[in-house]
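Visitor: Quick check, what structure comes out for this input:
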Amino acid sequence: MSMNGAEALLKTMIDAGVEVCFANPGTSEMQLVAAIDKIPGMRPILGLFEGVVTGAADGYGRMADKPAATLLHLGSGYSNGMANLHNAKRAFSPIVNIIGEHAVDHIPLDAPLTSDIEGHAALHTNWVRTSQSAVAMAKDGAEAVAASYAGRIANLIVPANYAWTESEGAVEPIEPAAWPKVSDEDLTAAAKALKEGEQCCLFLGGRALREEGIVLAKRIEQATGAKVICEVFPARIQRGRGRPTVDRLPYLGEFAADVLKDFKHMVVLGTKAPVSFFAYPEKPSVLTPAGCQIQDLGSAQDDQIDALQRLVALLEAPELELAEDPALPAIPSKEELFTAEAVGAVIANYLPENAIVSDEANTSGIFSYGMYEGAAKHDWLTLTGGAIGQGLPVAVGAAVACPDRKVINLQADGAAMYTNQALWTMARERLDVVTVIYNNSSYAILNLELMRVGVENPGERAKSMLDLSNPNLDWVKIAEGQGVKASRATNVEEFEAQFKEAVAESGPRLIEVIL
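Guide: I've put the predicted structure just below:
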């Protein structure tokens, strides 16, 4: 059958394995909307804000290991999704953004929504293309999908007139390039550093933090004495009973520097050598000690599992002897103070097998992460780029990618307000997500940061900028207003009962915990 440019693009992307489109379209994308209705194979999911759309595509990519598409309206729509694309870029998530553009003849008229879309789109990737004809759109789509598999965000800009013009139809998918392998020279240098034993750290990120990679890394630790540590904000790490545990570098620079202070060598794989998240007066930004030799073995876009397999062989590392699983934390009594740690203890005890945790608890989660080492097997997704408003959308994408797995969203209240529209999408799509809102009525992390930059006695006006009370947020009403069943817990007993009920049910649920 004959196809216009939009239909040819969509059919090509479906044939290349793209099954989901998270969308917030506008007038310039109507031909693409119509194509989704006409061409079978693409599930459209509406987000009420572009930050939900891009964040969901990030969560989907992390869990599916393949791209979702997004559909965004011109430069303004893309700009609304930028913060979560920043996080996705740091996570090396595969995403194909389809960005509508005015018809070519309309652009010189400088209509109100005209903007430099290529300039916007280039901020998050080096793969940006504006289709030059209806015929080119399908080929552009195939190349965008292939590029995304390399851990890149592919931004394809589609002028409206090419979308409605007749094309030559879909094209064959392009086989994605294999992940590059690390060189023998770098591998030999890494093995030499690792043989230094306890003076060496194997610092991991990316796909090295999947179960297979962690097992290989712990075999190296067992054979050499080198310490395995993972980056502060991994895109996805597999944890829980029956899996080896990996120490996670602390967020606070002072704590991180203390963890690293005795290392003479650091072998880095799947990430970069650690630096402080921010600069602070009279504190170092580089967290490794002076004189520590950094060996970059491979980036997040290299084949990390292959590198670890070859290292294990080179070091003749024996099979791993698994330590006993850590104990689950004790659940405090009703009479004890209701803290974020108490919430973490309950969740760790009742976490469903093979759950996915989207963690944007921020301050409330700092001291709870370790509680989950003895919990049921799970995947843990974190705030990779530090741009808050990620947790709810990433939970949406993870639930779409893995409909047979329960998703738990650990969510700070301030960050949740950035993208609370994700709750509406959860309700509409009946996604199996339990959101736990930590309501401390503040940007608590910023209260901490205010002290760390040396502000000792902030005044009322300064403190008001970090306070989320007056008026207080009512998350039960916010959730129910968007179709999500919700409840509130004010003590451990209430939260334990509500969380047990939530994980036993299917579909979206929100629990607001008052800390």
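
Visitor: going forward, measure contacts and count neighbours with C-alpha atoms only.
Guide: Noted.

Visitor: Point out where this protein drops to low pLDDT.
Guide: 442-455, 462-466 (pLDDT under 70).

Visitor: make it 90
Guide: Within the chain, the stretches with pLDDT under 90 are 1, 123-126, 195-198, 252-255, 277-284, 322-324, 334-337, 362-367, 440-472, 515.

Visitor: List the buried residues for stretch 348-360?
Guide: By 16 or more other C-alpha atoms under 10 Å, the buried positions in stretch 348-360 come out as 348-352, 354-360.

Visitor: before we move on, what about stretch 188-201?
Guide: Result for stretch 188-201 [16+ other C-alpha under 10 Å]: buried residues 188, 190-191, 193-201.

Visitor: next helix or strand past the one helix or strand V215 maps to?
Guide: If you go by DSSP states H and E, V215 is part of helix 211-224. Counting by DSSP H and E, the next helix or strand C-terminal to helix 211-224 is strand 227-230.

Visitor: hmm, who's touching that following strand?
Guide: By C-alpha atoms under 8 Å, 6 or more residues apart in numbering, the surrounding residues in contact with strand 227-230 are 198, 200-205, 209, 217-218, 221, 246-249.

Visitor: chain center to that strand: distance?
Guide: Centre-to-centre, strand 227-230 and its host chain are 21 Å apart (C-alpha atoms, centre = their mean, to the nearest Å).

Visitor: mind listing what that strand pairs with, with the direction of each?
Guide: strand 200-204 (parallel), strand 247-248 (parallel) (DSSP bridges).

Visitor: Pick the most buried one from the ones you listed.
Guide: strand 200-204 (a mean of 26; mean count of other C-alpha atoms under 10 Å).

Visitor: hang on, the earlier thing: tell me what angle the helix holding V215 forms with strand 200-204.
Guide: Here the directions of helix 211-224 and strand 200-204 differ by 180 degrees (axes from the mean of the first three to the mean of the last three C-alpha atoms, to 10 degrees).

Visitor: Contacts for helix 211-224 next, please.
Guide: 194-198, 202, 207-208, 226-228, 237-239, 243-244, 246, 304-305, 308-309, 311-312, 315, 317-320.

Visitor: Repeat that for stretch 467-484.
Guide: 414, 421, 423-424, 426-428, 437, 441-443, 485-488, 508-512.

Visitor: same question, stretch 8-17
Guide: 32, 35-36, 39, 41-42, 137-142, 145, 167-174.

Visitor: Now the buried members of those.
Guide: 32, 35-36, 41-42, 137-142, 145, 167, 169-171, 173-174.

Visitor: Output stretch 309-327 as PDB - backbone C-alpha positions only.
Guide: In PDB, the C-alpha atoms belonging to stretch 309-327 read as follows (Å, rounded to 0.1, in the frame of the first residue of the first chain):
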ATOM      1  CA  GLN A 309      35.300 -12.100  31.300                       C
ATOM      2  CA  ARG A 310      38.800 -11.600  29.800                       C
ATOM      3  CA  LEU A 311      40.100 -10.100  33.100                       C
ATOM      4  CA  VAL A 312      38.800 -13.200  35.000                       C
ATOM      5  CA  ALA A 313      40.600 -15.400  32.500                       C
ATOM      6  CA  LEU A 314      43.800 -13.300  32.600                       C
ATOM      7  CA  LEU A 315      43.900 -13.400  36.400                       C
ATOM      8  CA  GLU A 316      42.800 -17.100  36.500                       C
ATOM      9  CA  ALA A 317      40.200 -16.000  39.100                       C
ATOM     10  CA  PRO A 318      38.300 -19.100  40.600                       C
ATOM     11  CA  GLU A 319      34.600 -19.400  40.800                       C
ATOM     12  CA  LEU A 320      32.900 -17.200  43.300                       C
ATOM     13  CA  GLU A 321      32.200 -18.400  46.800                       C
ATOM     14  CA  LEU A 322      29.000 -16.500  47.700                       C
ATOM     15  CA  ALA A 323      28.800 -15.100  51.200                       C
ATOM     16  CA  GLU A 324      25.700 -15.700  53.300                       C
ATOM     17  CA  ASP A 325      22.900 -13.300  52.500                       C
ATOM     18  CA  PRO A 326      22.700 -10.300  54.700                       C
ATOM     19  CA  ALA A 327      19.900 -10.300  57.300                       C
END
